[in-house]
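Novice: Build me a model:
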Amino acid sequence: MKNNVQLITYVDRLSGTDIQGLNSILKEQLAGLFSGVHLLPFYYPIDGSDAGFDPIDHTVVDSRLGDWQDIKVLGEGHELMADLIVNHISAQSKEFKDVLTKGKQSPYWDLFLTKDKVFPDGLTDEQQKKIYRPRPGSCFTEFSLPNNETAEFWTTFTDNQIDIDVKSNLGQEYLSRILQTFADNNIKMIRLDAAGYAIKKAGSSCFMLDETFEFIDELSQQANKLGIETLVEIHSYYQTQIAIAKRVDQVYDFALPPLILHSIFSQDFTALVKWLSISPKNCITVLDTHDGIGIIDVGPMDGKPGLLNDSEIDSLVEQIHINSKGESQKATGAAASNVDLYQVNCTYYDALGKNDFDYLLARAIQFFSPGTPQVYYAGLLAEGNDMALLSSTNVGRDINRPYLNQEHVAQVSHKPFVKAMFELIKLRNSCQAFDGEFLVNCQTTNLTISWKTSEQSAELMVNLANRDAQITIIENGSSRIINLAELLNA
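Specialist: Next comes the predicted model:
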């Protein structure tokens, strides 16, 4: 995919309508901004218990949004990325309902993972403690079967998301069928959602095992043969991301968002520059997504030091809560259902106290960091925390999943920050220096990031003490300087 800025969005939550409506926004209000679009789950149904990440049928477009032909048309103007939800399927799927009706006699029995498949001799307390959990509670849910029997199924995330046995023939056929559907309908890249949890092994953490790497390798190779690139979505220790990057097309740089916040809050770029000097170059960069702001990605793990220490992480999280006036606390941890142990739920704009300069600076740093930038639809428009939606659903991540429409996009496109953001995106897309050599250095409050080819260069210089940031572009023998503060006031 092109090394230009990409959009991350739900179809309906940005357009207010369907795929054709989204296509209209991309051709009108957002014309010329995005070469690629990551379409968050558009499968049937989009309004399950996890906003589409619990598909009943992964090969069917929710009819409220359109059909595969609409996806094909959208893909003619933009490179499309879709989610391959590797780890699980909805408990409401025909396959799992058949299992509940027929038990082990169901032709789909082997598609799903039960506790006894991994622990045939029973699960000991010691084995249970080793299992890495993304959320509170047990990773098993007991379901009733015929003849008064029961079975405990793996439910890594929620009891409506039944884990697939990806090593079984049925599991492999299931994933292959989805890949082929994507290839037939203009999907050029897939995000392997929750791939780190796909392989379970007794006596292990059941997360990012050697066997997991092998599984990701095989699935990536299968996708590549169909002309599809892969992006692996893993929240874990930062060294894990570096290791994964060597084995796949692309990984997320999930360490970047908290490190940028830490830099602005502490007025110290040291930790950020350490990361940028070793971070994978084959990555997708983000500040915000449909999930929360990752914390585990920069922290210590299993006695190994992180990019930030525990005290720095505590300060980071506390400052987010302060800047958001406590709204992030209402959406994070035990305060809201469907919680994650490793994320703070808050818009990035609110995490920065709705400070336009700091937010534009954060985006500039993202665009100058190694990798291909993705911008989340709510972050693009500097949307604030959606407390009304959070209150109505009590799902923490809904704080950053607002329902917008074409009229709203047209209205907010005139806001000073959004206009400046659009200009920053155009600059990132038009400058070929970003395909060149990367250099970064800092002196605590001062940061310099540059990209150079033989004919062009782009440099971002930041002075946090003076709250000054400017971009210098040299191309075709001439130079231009873009001051971020002036860009906001243009």
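Novice: who's sitting farthest from the centroid in this structure?
Specialist: residue 147 (42.6 Å; CA atoms, centre = their mean).
Novice: Name the nearest residue to residue 92, sequence neighbours excluded.
Specialist: Nearest residue to residue 92 in three dimensions, chain neighbours excluded: residue 56, at 5.1 Å (CB to CB, 6 or more residues apart in numbering). For the C-beta atoms, the positions are set from N, CA and C on the backbone; glycine is no exception.
Novice: That neighbour: neighbouring residues, count only.
Specialist: Residue 56: 19 surrounding residues under other CB atoms under 10 Å.
Novice: and the residue farthest from the centre of the chain, what does it touch?
Specialist: Each residue near residue 147 by CB atoms under 8 Å, 6 or more residues apart in numbering is listed here: residue 103.
Novice: what secondary structure does it sit in?
Specialist: coil (DSSP: H, G, I helix; E, B strand; the rest coil).
Novice: got the contact list for the residue nearest the centre of the chain?
Specialist: Closest residue to the average C-alpha location of the chain: residue 289 at 5.0 Å, with CA atoms, centre = their mean. Contacts here follow CB under 8 Å, 6+ apart; on that basis residue 289 touches 8, 374, 376.
Novice: wouldn't residue 86 be in contact with residue 198 here?
Specialist: Yes. With contact defined as CB atoms under 8 Å, residue 86 counts as touching residue 198 (5.1 Å).
Novice: Looking at these two, which is more packed in?
Specialist: residue 198 (29 against 25).
Novice: Could you pull up the residues touching the more buried one?
Specialist: 86-87, 164, 166, 212, 215.
Novice: intersection of neighbour lists for residue 86 and residue 198?
Specialist: Joint contacts of residue 86 and residue 198 (CB under 8 Å, 6+ apart) are 164, 166.
Novice: okay, residue 137: pLDDT?
Specialist: With respect to pLDDT, residue 137 has a value of 82.
Novice: returning to what we had before: so what's the residue nearest to residue 92 scoring on pLDDT?
Specialist: 96.
Novice: And residue 338, by the same measure?
Specialist: Reported pLDDT for residue 338: 39.
Novice: just the contacts of residue 198 now: which is nearest residue 192?
Specialist: residue 86 (5.3 Å; CB to CB).
Novice: if I pick the closest one, what's in contact with it?
Specialist: Neighbour list for residue 86: 164, 166, 175, 192-195, 198, 219 [criterion: CB under 8 Å, 6+ apart].
Novice: try 7 Å this time
Specialist: 166, 175, 192-195, 198 (CB atoms under 7 Å, 6 or more residues apart in numbering).
Novice: Quick check on it: phi, psi?
Specialist: In this entry, residue 86 is assigned phi and psi values of phi -70, psi -40 (degrees, to the nearest 10).
Novice: mind giving me the domain ranges of this protein?
Specialist: Recorded structural domains for the chain (assignment: automatic domain parsing) are 6-85+169-432, 94-162, 437-488.
Novice: most tightly surrounded among the ones you listed?
Specialist: Among those, domain 6-85+169-432 has the highest mean neighbour count (mean count of other CB atoms under 10 Å), at a mean of 20.
Novice: thinking again about what came up before, so the residue nearest to the centre of the chain, which of the three states?
Specialist: Applying three-state DSSP: residue 289 is coil.
Novice: for residue 271, same thing?
Specialist: Residue 271 is classified as helix under three-state DSSP.
Novice: Thought residue 306 was touching it, still the case?
Specialist: No. Taking contacts as CB atoms under 7 Å, residue 271 lies outside contact range of residue 306: 9.3 Å.
Novice: Just after the worst-scoring helix or strand of the chain on mean pLDDT, pick out the following helix or strand.
Specialist: One helix or strand of the chain scores below all others by mean pLDDT, DSSP states H and E: helix 238-245, with a mean of 87. Using DSSP states H and E, the helix or strand that follows helix 238-245 in sequence is strand 250-253.
Novice: pLDDT on that next one, on average?
Specialist: 94.
Novice: Could I get the average pLDDT for the next helix or strand after it?
Specialist: Using DSSP H and E, the next helix or strand after strand 250-253 towards the C-terminus is helix 256-266. In this model, helix 256-266 carries a mean pLDDT of 98.
Novice: which SS class is residue 482?
Specialist: strand.
Novice: I'd assumed residue 460 was in contact with it.
Specialist: No. Between residue 482 and residue 460 there is no contact under CB under 7 Å: 9.6 Å.
Novice: Now do the shared contacts for these two.
Specialist: Joint contacts of residue 482 and residue 460 (CB under 7 Å, 6+ apart) are residue 471.
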